[in-house]
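Trainee: Model the following, please.
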Amino acid sequence: MTHLTKTHRFAKIILCAGIIWLGAFQVSGQPTVISYASAAATVNPDAPAPEPLRRFAADTIKQLSANAPFTGWSAAKQIIEPLGPGTHSWLVTLSSGTSTSSAPLGYLIISATPDGDYKLVEYGLGENSLYAKPTLESGLAGLGLAKKTKSLPTVTPVYAGPVLAEWMVRAAGKSGPVHFIDALTGEQLPESLQSWNKQAASYVPPSSAAGSDQKSLAVAATTRHADLFDPYDNILWMAGEPIQTGADRFEELLANYKRLVFVTNGQERTYSIPLPIIGYQKWSAESQSSGEDAIYVLTGSDTAQRWIALDALKQSGKFVAYTD
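Mentor: The predicted structure is shown next:
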C-alpha cells in the first residue's frame, strides 16, 4: 500500500512535515505573479473549451497513446472542463464505454500561458486519479456533506500547480463556509479562501513543459528505476539535503539514486506533501527549432500514477534522496 491510500496517516504526518520543512528551508526569491483574472471570478463549466486547447489536447493524447500504458487512450472519449477561477487551467478526462457506462482511463491538466500558448502540466491514469468522483464523495462525507444532506454543497475543482490540486467546497451556497479537499486523497486540508487566493495568484505554468508552440516533440517510453514506495516507510529523507535537479541532470541523478522524494515548501503553503519519484518520461525535441526537451517525473501509487512536469515541481519545493 502506498502513501496515497493511507489517508489518516497523511493527515497527521503531513502537517508535522510541513512545519519541519517550512522552518528549515527558505525559498530563494519570490515567484512571478501573472495578472490573470481574479481568483474570486466565476467559472462557467458549460462554456466550450477554446479550439486551440482542444487541438493541443488531441495531439497530446495521440502522442501518448503510441506507448504503454497509454495505448487505451487512442479511442477514448474526452471531456474538457475548467479548473477553478483565475488560473487558466483545464482538466481533460478520458474515459471508455457508453454514455451510461464508462470507465475512467486517465487525465491531462493543461494550463494557458500569458502569451496564449498551452502547456501540458501533468497527466496520469488509474481509478483513483486526480479529481476522481469517488474521492470527492468520500471527502464530502468526511465534511458531513453527503448526498443525503438537504442543501447540496457547491463544489469547484481548483488547480494552482501539481501540489495544489484541490476541491473548493461551499457548504451552503455563496454564503456558506468554505472548505478545501485534496483532489487526490479526499482529505480535508488546512486551507482557507485567503491562503488559496494567495497561492493561486502566484501560479506560473511550467516553461519547459511540452507546449502547443512546440510542433515536433517525440515521446519516449517511461523509464522506471524502482517500484512505487511510501515515503513514510522511512522518514530519514526529512533530514536530507536538497538535490539540484536540472533537466540536464535529472536522468543521471535518478539513475544514481533510484528513488527520490519531492517535498513541497513555500512561505504561503499551509501544508506539505512528499511525493515518491521512481521514473520519468521524456519528450524530446527533434531539432533546436522545435524547442527544449521536456521531462515528466513519475510518481503516485498503484491506483493513481502521475507524470508531472519537472519544471512545475521545481517551482514548488525540492528533491531529496530516499534510502532504506
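Trainee: For the stretch 201-324 of the chain, which segments count as strands?
Mentor: 217-219, 223-224, 260-264, 274-277, 279-285, 294-301, 304-309, 317-321 (DSSP state E, counting those that start in this stretch).
Trainee: quick one: the helices in the stretch 51-200 of the chain?
Mentor: 51-64, 133-142, 193-201 (DSSP state H, counting those that start in this stretch).
Trainee: List the buried residues of the last one.
Mentor: This means helix 193-201. 195-201 (16 or more other C-beta atoms under 10 Å). For glycine as for every other residue, the C-beta is placed from the backbone atoms N, C-alpha and C.
Trainee: can you redo the residues you listed as JSON lines with pLDDT and distance to P242?
Mentor: What follows is the buried residues of helix 193-201, written out as JSON lines (pLDDT from 0 to 100; distance: C-beta to C-beta, whole Å):
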{"residue": "S195", "pLDDT": "94", "distance to P242": "24"}
{"residue": "W196", "pLDDT": "94", "distance to P242": "26"}
{"residue": "N197", "pLDDT": "93", "distance to P242": "28"}
{"residue": "K198", "pLDDT": "92", "distance to P242": "24"}
{"residue": "Q199", "pLDDT": "91", "distance to P242": "21"}
{"residue": "A200", "pLDDT": "91", "distance to P242": "25"}
{"residue": "A201", "pLDDT": "91", "distance to P242": "26"}
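Trainee: which one of those sits closest to K62?
Mentor: Closest approach to K62 among the buried residues of helix 193-201 (C-beta to C-beta): A200, at 30.8 Å.
Trainee: Of the helices of the stretch 51-200 of the chain, which is nearest K258?
Mentor: Checked against C-beta to C-beta, the stretch from the helices of the stretch 51-200 of the chain lying closest is helix 51-64, at 24.8 Å.
Trainee: Give me the angle between the closest one and strand 279-285.
Mentor: 120 degrees (axes from the mean of the first three to the mean of the last three C-alpha atoms, to 10 degrees).
Trainee: in helix 51-64, what's buried?
Mentor: Buried residues in helix 51-64, counted by 16+ other C-beta under 10 Å: 53, 56-57, 60-61, 63-64.
Trainee: Could you double-check that F229 sits in contact with T323?
Mentor: No - at 11.3 Å, F229 does not count as touching T323 under the criterion of C-beta atoms under 8 Å.
Trainee: Those two: which is more packed in?
Mentor: Neighbours were counted for F229 and for T323 using other C-beta atoms under 10 Å; F229 has more, 18 against 11.
Trainee: Contacts only, for that one.
Mentor: F229 sits next to 2, 259, 276, 278, 322 when contact means C-beta atoms under 8 Å, 6 or more residues apart in numbering.
Trainee: E251: which of the residues you listed is nearest?
Mentor: Out of the contacts of F229, the member with the shortest distance to E251 (by C-beta to C-beta) is I278, at 13.3 Å.
Trainee: ok, the closest one touching A226?
Mentor: Yes - counting by C-beta under 8 Å, I278 does reach A226; the two are 4.4 Å apart.
Trainee: intersection of neighbour lists for those two?
Mentor: What both I278 and A226 touch, as defined by C-beta under 8 Å, 6+ apart, is the set 258-259.
Trainee: of these two, who's got more company?
Mentor: I278 (20 against 16).
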